[in-house]
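Participant: quick one, fold the following:
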Amino acid sequence: MNNAPHNNFDALRLIGAFLVLVSHQFALSGRWEPRVVGDHSLGNLGVLIFFSISGYLVTSSWLSDPNILRFTARRTLRMAPALCVSMPLTWTVIAAFGLTGFPNNPWHLTNGSLWTIKYEVACYALLLVAGVATRRSSIVLTASIFCYFVFSGLQSGETILAYFGLFFAAGSLLRAYPYLRKPLPSLVFLVLGYALIRIDQTKLGLAFVVSPLTVAVGLRSWPGLRNISKIGDLSYGIYIYAWPVQQIGVALIGRQTPYLELLSITVPVTLALATASWHLIEKKALRFKPGRRSGNAMLGSVSVVVER
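Facilitator: Got it, this is the predicted structure:
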């Protein structure tokens, strides 16, 4: 049922997760996070990769079976079970180490990575609304988010949903309209993105660079990258466990500990937890994802026109 896919998406998700982990290790130990372009850190780049992939794959899921209840069930089963286990487990481990939180750490949050979940869910909801309302859901989604992004920029307000939504919408468009993935449009996107970055429109420019490159690489099937799928999709487990593991490490051995020493502790512990999360929780939960036929009996059917 869960055969390894013949593409590089699992590898890219893993790379994105490690970019976030590596970047947060700097911040959580009181160090300056490395920047990729402008004020965008390695961790930020990892999140943008996630949203680009999510936009592509979640749109693919909707287009293959545009059913409100089954779509919602699939998204819930992918995210909720592992999260519901990780939160009480995190607090239990913190208490077992005799900690009551992280008041002496540079950052005090128990799990500061989880803040992006609400924006991910919001993108799902917007895609669902656009899918129900129109046959061209990806265009409606992108146009709405782009207008929101421009409006918020004119108002000088920081609108994170509009920013992350741009990358989700870009991935959605690339899935819905295969022509956009051809060499000529891709080259135009990259040139336009580079030009926007050069004139200090970095957020918009990155949407024209990161999303097309992410999808282009993800759709390939390269030896080494595609084989990462055999160990399972550990990216979500890394995302939900890395921050608290890093916080506990800093609390126990000190922020002054050399960066690489902290990282050498964080990586294996996080990987172990992510592996357990995938094989014991996430993969098992995905077995309950409703199929197109069985979903009618399980969840009821809502008929929506499939976008072509």
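Participant: avg pLDDT for the helix or strand harbouring Pro212?
Facilitator: Assigned by DSSP states H and E, Pro212 belongs to helix 202-219. If you average the pLDDT over helix 202-219, you get 94.
Participant: try stretch 123-136
Facilitator: For stretch 123-136, mean pLDDT rounds to 89.
Participant: let me know the secondary structure of Ala43.
Facilitator: Careful, residue 43 is Gly; it's not Ala. Classification of Gly43 by DSSP: H, G, I helix; E, B strand; the rest coil places it in helix.
Participant: go ahead and confirm it touches Ser23.
Facilitator: Yes: the criterion here is Cβ atoms under 8 Å, and Gly43 meets it with Ser23 at 3.2 Å. All C-beta atoms are positioned from the backbone trio N, CA, C, and that covers glycine.
Participant: got the angle between the helix or strand hosting His24 and helix 202-219?
Facilitator: In the assignment (DSSP H and E), His24 maps to helix 9-28. Orientation note: helix 9-28 sits at an angle of 140 degrees relative to helix 202-219 (axes from the mean of the first three to the mean of the last three Cα atoms, to 10 degrees).
Participant: in whichever helix or strand comes after the helix holding Pro212, which residues are buried?
Facilitator: Per DSSP H and E, the first helix or strand lying C-terminal to helix 202-219 is helix 235-253. Buried residues in helix 235-253, counted by 16 or more other Cβ atoms under 10 Å: 235-251.
Participant: and what about the residue located most distally from the centre of the chain, helix, strand or coil?
Facilitator: Distance from the C-alpha centroid of the chain peaks at Gly98, with 32.3 Å (Cα atoms, centre = their mean). Assigned with three-state DSSP, Gly98 falls in the coil class.
Participant: could you shift the numbering so residue one becomes 51, and keep it that way?
Facilitator: All set: I'll call the first residue 51, so the last point we hit is now Gly148.
Participant: can you give me the distance of it to Val97?
Facilitator: To Val97, Gly148 is 33 Å away according to Cβ to Cβ, to the nearest Å.
Participant: contacts for the helix or strand containing Leu242?
Facilitator: Using DSSP H and E, the element containing Leu242 is helix 233-248. Under the contact criterion Cβ atoms under 8 Å, 6 or more residues apart in numbering, helix 233-248 has outside partners 87-88, 229-230, 252, 254-259, 262-263, 266.
Participant: I figured Ile281 was touching Thr325, is that so?
Facilitator: Yes: under the criterion of Cβ under 8 Å, Ile281 makes contact with Thr325 at 7.5 Å.
Participant: which neighbours do Gly93 and Ser73 share?
Facilitator: Counting by Cβ under 8 Å, 6+ apart, the contacts common to Gly93 and Ser73 are Glu83.
Participant: and whichever strand or helix holds Ser194, what does it pack onto?
Facilitator: Secondary structure assignment for Ser194, by DSSP H and E: helix 187-204. Under the contact criterion of 3 or more Cβ pairs under 8 Å, 6 or more residues apart in numbering; DSSP states H and E, helix 187-204 touches helix 92-114, helix 167-183, helix 210-226.
Participant: tell me which of the ones you listed is the most buried.
Facilitator: Most buried of the helices and strands packed on helix 187-204 by mean neighbour count (mean count of other Cβ atoms under 10 Å) is helix 210-226; its value is a mean of 25.
Participant: which ones are touching the closest residue to Ala326 other than its chain neighbours?
Facilitator: Spatial nearest neighbour of Ala326, excluding adjacent residues (Cβ to Cβ, 6 or more residues apart in numbering): Gly287 at 7.7 Å. Residues in contact with Gly287 (Cβ under 8 Å, 6+ apart) are Ala132, Thr320, Leu323, Ala324, Thr325, Ala326, Ser327, Trp328, Glu332.
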